[in-house]
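Trainee: A structural model of the following input is requested.
(one chain, ligands or ions: 1)
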Amino acid sequence: MKILVLNAGSSSLKYKLFEDLQSITEGVVERIGEAGGVKDHAEALGKIEVLLAENGALRSFDALDGVGHRVVHGGERFVEPVRIDDEVIDAIRALIPLAPLHNPANLAGIEMMRQRAPHLPQVAVFDTAFHQTMKKEAYLYAIPIEFYEKEGIRRYGFHGTSHAYVAKEAARMLGQDMSETNLITLHLGNGASVCAIKRGKSAETSMGFTPLQGLVMGTRCGDIDPEIPLWMVKKGLDAEVILNKKSGLKGLCGENDMRLVEERAAGGDEAAKMALEVFVHRIRHYIGAYYALLGEVDALVFTGGIGEHSALVRQLACRSLENLGICLDTQKNLEGECDISVNESLVKIFVIPTNEELEIARQAEAVLEKL
Ligand code: ADP
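Mentor: Numbers count the residues shown, from 1 in each chain. Predicted coordinates:
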């Protein structure tokens, strides 16, 4: 089966082509709607079709068996991937108030592809879907219940495709069924979240109503006292911009790229050292919390740009957790092995490169096979 995976952002359109779940080619069209870039998502899609034909990967979109779209917000309605039809499009549109930055761009990708190839089956794969197994006590906020009942304000969680992908890989490495596997998965990239997975299902995750909650991120604050944004607003400040774009590692030390934070910290820069400590402190806080929630943990999994590449963050995150049965092998960690725990470690520690596009292709293929 030939499947094109599309990830449409407000100013970019990423694509990856799969044939029988093997990656053939990938790329990105950037600066959509900006000076020097293409006009809109339709033009971006046209460009992708030409590129694929030119490099011999695909004659035209008509040679595809289907398209898998990443959709950020599926609300409570979408608990699994679905074939896209008019009704699904309306439902994704109705969720725009919950994801005003992401869902409109995802929809643009879907609608342009439907215009170009109306008969091609398309599947929506939602970032929130994996977390729809959370129990009510995990997803409700303790605010007046009508905000949940009338407005849908609750924890949704994001990065679900990535947590699901690495969880399956981890279960495979453990030689266990997903349904009997308990994990703490740490997706540490520019955005970062952690997920407690109980018997293969998301039981709790650190991102919430929006992707702002939880861990310290590149430019996002993660957990803070909710009075802080109120205080900012009273001062006439733009809390939304400050907390989303000027906080996190960047807010603490002026730098959001973890490689540069580490470089500066190694050179003795106090602000960078503290940013790293705050970042890791929050991770450890969640490891402890999710350990308690799960009772038993088979493995701790690191993924995302930082999780996959930063031996330092992994080492600091696992510092003194031996009493919890989490025992890092410092050497294996430095060498970047897949299993970085000592042989006797009760809880395995894995580094698993995420592959959200492959997971979307797999899920899209599973839906298409049932048609
Ligand atoms: P996104 O969330 O945008 O997909 P990534 O998962 O690619 O981002 O993660 C980006 C982060 O990974 C950046 O902070 C980057 O500095 C960090 N990173 C990548 N390589 C390394 C490395 N070798 N050491 C430390 N951090 C790294």
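Trainee: ok, and for stretch 58-76, which residues are buried?
Mentor: In terms of neighbour count (16 or more other Cβ atoms under 10 Å), stretch 58-76 has its buried residues at 58, 61, 64-75. In this view, the C-beta of every residue, glycine as well, is placed from N, C-alpha and C.
Trainee: What is the most widely separated pair among those?
Mentor: 58 and 75 (32.9 Å; Cβ to Cβ).
Trainee: Kindly indicate which of the buried residues of stretch 58-76 lies nearest residue 209.
Mentor: Closest approach between these and residue 209, by Cβ to Cβ: residue 73, at 10.4 Å.
Trainee: Tell me the spacing between residue 204 and the ligand.
Mentor: From residue 204 across to the ligand, the span is 21 Å (Cβ to the nearest ligand atom, to the nearest Å).
Trainee: Just read off the phi/psi values of that residue.
Mentor: In terms of degrees, to the nearest 10, the main-chain angles of residue 204 are phi -170, psi 150.
Trainee: From residue 130, how far off is it?
Mentor: Look at residue 204 and residue 130: by Cβ to Cβ, to the nearest Å, they are 12 Å apart.
Trainee: Pick out whichever of these two has more residues nearby.
Mentor: Ranked by neighbour count (other Cβ atoms under 10 Å), residue 204 and residue 130 place residue 130 first, with 28 against 23.
Trainee: how about that one, what does it touch?
Mentor: Counting by Cβ atoms under 8 Å, 6 or more residues apart in numbering, residue 130 touches 157, 160, 161, 163, 164, 195, 202.
Trainee: Pretty sure the fifth one sits in a helix.
Mentor: Yes: the assignment for residue 164 is a helix, going by DSSP: H, G, I helix; E, B strand; the rest coil.
Trainee: And the pLDDT at residue 101?
Mentor: In this model, residue 101 is scored at 84, pLDDT.
Trainee: What of residue 215?
Mentor: Residue 215 is given a pLDDT of 98.
Trainee: helix or strand for it, which one?
Mentor: Using DSSP states H and E, residue 215 sits in no helix or strand.
Trainee: Hmm, it is touching residue 283, no?
Mentor: Yes: between residue 215 and residue 283 a contact is recorded at 6.3 Å, counting by Cβ atoms under 8 Å.
Trainee: Am I right that residue 16 is in a helix?
Mentor: No: counting by three-state DSSP, residue 16 is located in no helix; its state is strand.
Trainee: ok now do the residue lying closest to residue 23 once chain neighbours are set aside, which residues does it touch?
Mentor: Distance criterion Cβ to Cβ, 6 or more residues apart in numbering; nearest residue to residue 23, sequence neighbours excluded, is residue 16 at 6.2 Å. Neighbouring residues of residue 16 by Cβ under 8 Å, 6+ apart: 4, 5, 23, 25, 26, 357, 361.
Trainee: give me that answer again for 10 Å
Mentor: Neighbouring residues of residue 16 by Cβ atoms under 10 Å, 6 or more residues apart in numbering: 3-7, 23-28, 68, 355-358, 360-361.
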